[in-house]
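Trainee: sharing a model that was predicted from the sequence below.
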Amino acid sequence: MNEPRTGSRPVGPRLIAPDDGRRRTWTTTKAKPVRLSDALRVVVLTAGGLACVVPLLWMFLGSFKSPTELAQRPPTFLPESWAPTNYTEALDRFDFTLYLTNSVVVTVLATLLTLVINSMAAYALAKYNFRGKNTLFLLTLATIMIPLQVILIPVYQVVASLGLVNTLWGMIIPAAATPTGVFLLRQYMLSIPDELIEAARVDGSGEFRTFVSIVLPLCTPALAVVAIFSVMWRWSDFLWPLVVAQSEVVYTLPVALARFNAELTVPFNLILAMGVVSTVPVLVLFLIFQKQIATGVANTGLK
Amino acid sequence: MTAAATRTGGWGIRLAPYLFLLPNMVIFAVFTIYPALNGFNMSLYSSSNGRVFAWEGLGNYERILTSGEFWGVVRNTAVFATSYVVLGTVLAIVISVLINAQRRGRTLFRAVYFVPVLVSPVVVGLIWNWMLDRQNGLVNNALSTTGIPPVPWLVDGAWGMVSIVAVGMWMQVGFYMLILLAGLQSIDPTLYEAARMDGAGAWDQFRVITIPMLQPTIVVVVVLATIHGFQSFDFIWTLTGGGPVGATTLMVQYIYENGFQSPIRYGIATAGGVLLFLVVFTLTLANWLISRRREAV
């Protein structure tokens, strides 16, 4: 519990430490006969696992099917042809590339903004003593209790009075100051030895330069976790973009999907193709950053 | 240190923390704290089509608290959130315990169960709306091969509720599973060895070691699931649209519709927001207090 703070290792606190606890339970290497309960467990887990991936596989297969094929009963499993006609048609009929671009722009800029302002705030709260520090930290944490959903209309009014309705900035800025990001980065920065910062000061490095060239590089793992979660969340965010985006020019992918799905004139095969395109990037991201995501979720419950 | 502080040109050590905090705090103040206060304020005024009129006092609250529609939404939200939290937590515990007991394929199962969490909720709603279609959906087609008659998943009120709970769990259980798995892996394995030597079976080990040791993690999951449950909106929007006849309309959708779809009623929508905040706040606080008291014992 009360680990002595060695202070010399720039590793993170337990919050983001790798889950090395796993190895301890792996050590049962003696070959044991397969028992019925083991087999049963594998069967149950496999069935559940199928339930997790089949709907996505079904969407992927469906995205290659024609409307007549989709209406068939009983449904066909594999599409008749693997030609990406639904994808090209979706591109032709809608400003699909525009929505894709909007989604990318919002995701990237919002994540960058979050990283910059969250890490700055976290640094102030972790490494300085100043009047009002505890109050500001508690205030930051308290905003976890006030999600956008419950203050939807008043936030919209603020955004409207700033002229940000129907702009991508209107989607990006309001939720950029995430309390969880500040909290996570602060916890991580606490483990950076003060001596390091003092030494930089003695060498005449300015406060901001110390932050950028010494503190931030040491925080890369924590920054990565915040970045990954911000990307995943912003990419699939819906309610706020729905409220801000009132014309098609600023639709993000989820908004476009929901809007077009509500219009019965848009064929479902095109919706499926768009759904696949909006899903693939996060899946790829997950495959690359699986480890960081797993430890990030496991230790902070960020979302 | 003072010498260094004076040399930092504009970034004096006294001023620095405030400047570092400034951007984050400005956004908090403008887009969270002010709106939260203003939202409460707005809920005390009458409004029509987006224009705020006269002071109403608690009139909006009185109006929604006496409206059948509102209580319908409250009931839906309560039923959904309770089922979602209870069933979701139990399922997540079961899955994580099973995965943790695996000697091989643990990482694979963990990844597979996490995949739905990654899918945009809007897309989740779309897929399941299609899969649960009464006539042509994959689910009913699969059931019919075993002779089960088509289930009116999305066209019957009660089944609609079942559907949004099930789909909500499909989408999020992997997330809770991951948190619990980390909790399970931090339990000291010697505890189990000791229990086995005392002749405890699998169920006894689960009951006497796993659950008590996992309790702090379970509290985290319950708190998160409560917040998620009460704030569910996006996947339901594309799954049922709140229907049939409002049977799956939850609080956030009620706020959204009153705030942004005609007839726009800001007073009602903001009053709904304040009530939702109070409920989630109370539940989170209660959860936290209960878990603290248990730890103290």
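Mentor: Yes, it's here. Predicted model only: the values in this text are computed from it and were never measured.
Trainee: helix/strand/coil for B:Pro263?
Mentor: Of the three states, B:Pro263 takes coil according to DSSP: H, G, I helix; E, B strand; the rest coil.
Trainee: and it, how close does it get to chain A?
Mentor: For B:Pro263, the distance to chain A (Cβ to the nearest Cβ, to the nearest Å) stands at 14 Å. Quick note: C-beta positions are derived from backbone N, CA and C, even for glycine.
Trainee: neighbours around that residue, how many?
Mentor: B:Pro263 is flanked by 10 other residues according to other Cβ atoms under 10 Å in any protein chain shown.
Trainee: got it, and B:Gly57?
Mentor: Other residues close to B:Gly57 by other Cβ under 10 Å number 10.
Trainee: that one touches B:Ser43, doesn't it?
Mentor: No. B:Gly57 is not in contact with B:Ser43 according to Cβ atoms under 8 Å; the separation is 10.3 Å.
Trainee: now the residue sitting nearest the centre point of chain B. Nearest residue, chain neighbours left out?
Mentor: By Cα atoms, centre = their mean, chain B has its centre lying nearest to B:His228, at 0.6 Å. Nearest residue to B:His228, sequence neighbours excluded (Cβ to Cβ, 6 or more residues apart in numbering or on different chains): B:Gln172, at 6.1 Å.
Trainee: which SS state does the residue nearest to the centre of chain B fall under?
Mentor: Classification of B:His228 by three-state DSSP places it in helix.
Trainee: how far is stretch B:230-239 from where the chain is centred?
Mentor: 10 Å (Cα atoms, centre = their mean, to the nearest Å).
Trainee: what does stretch A:102-110 give?
Mentor: Between the centre of stretch A:102-110 and the centre of its chain there are 12 Å (Cα atoms, centre = their mean).
Trainee: could I get the average pLDDT for that stretch?
Mentor: Per-residue pLDDT values across stretch A:102-110 average out to 96.
Trainee: close to chain B, is it?
Mentor: No. Using Cβ under 8 Å from any Cβ of the partner chain, stretch A:102-110 stays clear of chain B, with a minimum separation of 9.7 Å.
Trainee: buried ones in that stretch, by neighbour count?
Mentor: For stretch A:102-110, burial by neighbour count (16 or more other Cβ atoms under 10 Å in any protein chain shown) applies to A:102-103, A:106-107, A:109-110.
Trainee: from those residues, which is closest to A:Arg41?
Mentor: A:Arg41 lies nearest to A:Thr107 out of these, by Cβ to Cβ, at 38.4 Å.
Trainee: so the closest one: helix, strand or coil?
Mentor: Per three-state DSSP, A:Thr107 ends up helix.
Trainee: dump the residue contacts of residue 273.
Mentor: This is for chain A. A:63, A:84, A:86-87, A:89-90 (Cβ atoms under 8 Å, 6 or more residues apart in numbering or on different chains).
Trainee: hm, I was asking about chain B
Mentor: With Cβ under 8 Å, 6+ apart, B:Gly273 has these contacts: A:149-153, B:39, B:43, B:255.
Trainee: on that earlier part again, the residue nearest to B:His228: helix or strand, and which one exactly?
Mentor: Take DSSP states H and E as the rule and B:Gln172 turns out to sit in helix B:157-185.
Trainee: can you name the residue of the stretch 151-297 of chain B nearest to chain A?
Mentor: For the stretch 151-297 of chain B, the residue closest to chain A is B:Ala182, as judged by Cβ to the nearest Cβ, at 3.3 Å.
Trainee: what's around that residue, how many residues?
Mentor: Using other Cβ under 10 Å, B:Ala182 is surrounded by 20 other residues.
Trainee: ok, it touching B:Thr217?
Mentor: Yes. Between B:Ala182 and B:Thr217 there is a contact at 7.3 Å, judged by Cβ under 8 Å.
Trainee: surely the residue nearest to B:His228 is in contact with B:Val117?
Mentor: Yes. Using Cβ under 8 Å, B:Gln172 is in contact with B:Val117, at 6.5 Å.
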